[in-house]
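J.: sequence isn't available, so here's the structure alone:
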């Protein structure tokens, strides 16, 4: 059963086309990720799916209800956690949770089992004002409030932005446990390393989907050979790599550079020899397996060339 169906959705803000006819569907109990940088259209699509914004064209259904005609029914059965912390700063942890439970005509006690794993971590601080919580604690409170009415679909718009790595890992562990309860989770993130934790992902760039598949499927479809290059004076190395005739593209990746090759027969020795002839010594060049970020960069380049 498909919980969320998006068909040919477009949205413009004046001359800016934020969404250019995007389509996807998510099954019940699936964790579906929208992966892309800021400004790619993720938040606009989230607001349309959660009935907060009208699309210019196209259709969206959530749990079988149309976002335009039956928005009240959708709001009763979905949970939404926006990118920015939007709970009441002057209310305590406990007061925020009780307030949202009351809005949906339920009680914390009635659905406590659903949020127990999450809320139990902040319950010792239940009388603390929301404004005084750490980033990770705010995240857990916001998720608890989004779940308190037992939603069938949970929308999470960049939930881990600005959160420390430990809290990010804990948060994704919580989402995995929620999925076991057959809650459909639609999550967006600019962090490519989080993509592999989803069942399927859509890579979004400038309002269009470049590819929709499982993380393994997207990586497996990549036909380019990829190498990593590391050495001294990394910026001059990057500039030079981009000018080599055998290199298709080169981009920074942490403390190294990743390159794709025009010819799959090119070896690491070929790269080292050519760079050595240009005055670069003590380079480390190795062939590597692609990750989601590599795929995103390559697909973005292909899109811009078409």
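T.: Good, I have the coordinates. Remember, predicted model here, so these are calculated numbers, not experimental data. Numbering: from 1, shown residues only.

J.: ok, residue 89 - how many residues close by?
T.: 13 (other C-beta atoms under 10 Å). Placement of C-beta: from N, CA and C, glycine included.

J.: now the strands for the stretch 151-300 of the chain?
T.: 153-157, 184-189, 200-205, 208-213, 226-230, 247-253, 256-261, 284-288 (DSSP state E, counting those that start in this stretch).

J.: mean neighbour count, the ones you listed: which tops it?
T.: strand 184-189 (a mean of 25; mean count of other C-beta atoms under 10 Å).

J.: and it, how far out from the chain's middle?
T.: 7 Å (C-alpha atoms, centre = their mean, to the nearest Å).

J.: now for it, which elements pack on it?
T.: strand 2-13, strand 16-27, strand 31-35, helix 42-49, strand 153-157, helix 165-179 (3 or more C-beta pairs under 8 Å, 6 or more residues apart in numbering; DSSP states H and E).

J.: mean pLDDT and distance to residue 164 added to the strands of the stretch 151-300 of the chain, as JSON lines?
T.: As requested, these are exported to JSON lines (pLDDT from 0 to 100; distance: least, C-beta to C-beta, whole Å):
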{"stretch": "strand 153-157", "mean pLDDT": "92", "distance to residue 164": "18"}
{"stretch": "strand 184-189", "mean pLDDT": "92", "distance to residue 164": "15"}
{"stretch": "strand 200-205", "mean pLDDT": "96", "distance to residue 164": "23"}
{"stretch": "strand 208-213", "mean pLDDT": "96", "distance to residue 164": "30"}
{"stretch": "strand 226-230", "mean pLDDT": "94", "distance to residue 164": "27"}
{"stretch": "strand 247-253", "mean pLDDT": "91", "distance to residue 164": "22"}
{"stretch": "strand 256-261", "mean pLDDT": "93", "distance to residue 164": "24"}
{"stretch": "strand 284-288", "mean pLDDT": "94", "distance to residue 164": "27"}
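
J.: reformat these as CSV; add distance to residue 120.
T.: Below are those laid out as CSV (distance: least, C-beta to C-beta, whole Å):
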stretch, distance to residue 120
strand 153-157, 19
strand 184-189, 20
strand 200-205, 30
strand 208-213, 36
strand 226-230, 42
strand 247-253, 38
strand 256-261, 41
strand 284-288, 41
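
J.: neighbouring contacts of stretch 298-306?
T.: Stretch 298-306 is contacted by residues 203, 205-206, 208, 210-211, 222, 224, 249, 260 when judged by C-beta atoms under 8 Å, 6 or more residues apart in numbering.

J.: which parts of that stretch are buried?
T.: Taking 16 or more other C-beta atoms under 10 Å as the neighbour-count basis, stretch 298-306 is seen to contain the buried residues 298-300.

J.: which helices and strands does the worst-scoring helix or strand of the chain on mean pLDDT pack with?
T.: In the chain, no helix or strand scores lower on mean pLDDT, DSSP states H and E than helix 165-179, which sits at a mean of 81. Secondary-structure packing of helix 165-179 (3+ C-beta pairs under 8 Å, 6+ apart): strand 31-35, helix 112-119, helix 135-147, strand 184-189.

J.: so for residue 91, which of those sits nearest?
T.: helix 135-147 (10.2 Å; C-beta to C-beta).

J.: so which bits of the closest one are buried?
T.: So for helix 135-147, counting by 16+ other C-beta under 10 Å, buried means 136-147.

J.: closest to residue 170 among those residues?
T.: residue 136 (7.2 Å).

J.: wouldn't that closest one be in contact with residue 164 here?
T.: Yes - applying C-beta atoms under 8 Å as the test, residue 136 and residue 164 come out as touching, 6.4 Å apart.

J.: circling back: can you put the buried residues of stretch 298-306 in a markdown table and add distance to residue 168 and pLDDT?
T.: Below are the buried residues of stretch 298-306 laid out as a markdown table (distance: C-beta to C-beta, whole Å; pLDDT from 0 to 100):
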| residue | distance to residue 168 | pLDDT |
| --- | --- | --- |
| 298 | 25 | 89 |
| 299 | 25 | 91 |
| 300 | 24 | 90 |
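
J.: what is the nearest of these to residue 240?
T.: Distances from residue 240 to the buried residues of stretch 298-306, taken by C-beta to C-beta, are shortest for residue 298, at 20.2 Å.

J.: picking that back up, got the helices and strands packed on helix 165-179 as JSON lines, with distance to residue 84 columns?
T.: Shown next, in JSON lines, are the helices and strands packed on helix 165-179 (distance: least, C-beta to C-beta, whole Å):
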{"stretch": "strand 31-35", "distance to residue 84": "17"}
{"stretch": "helix 112-119", "distance to residue 84": "19"}
{"stretch": "helix 135-147", "distance to residue 84": "10"}
{"stretch": "strand 184-189", "distance to residue 84": "13"}
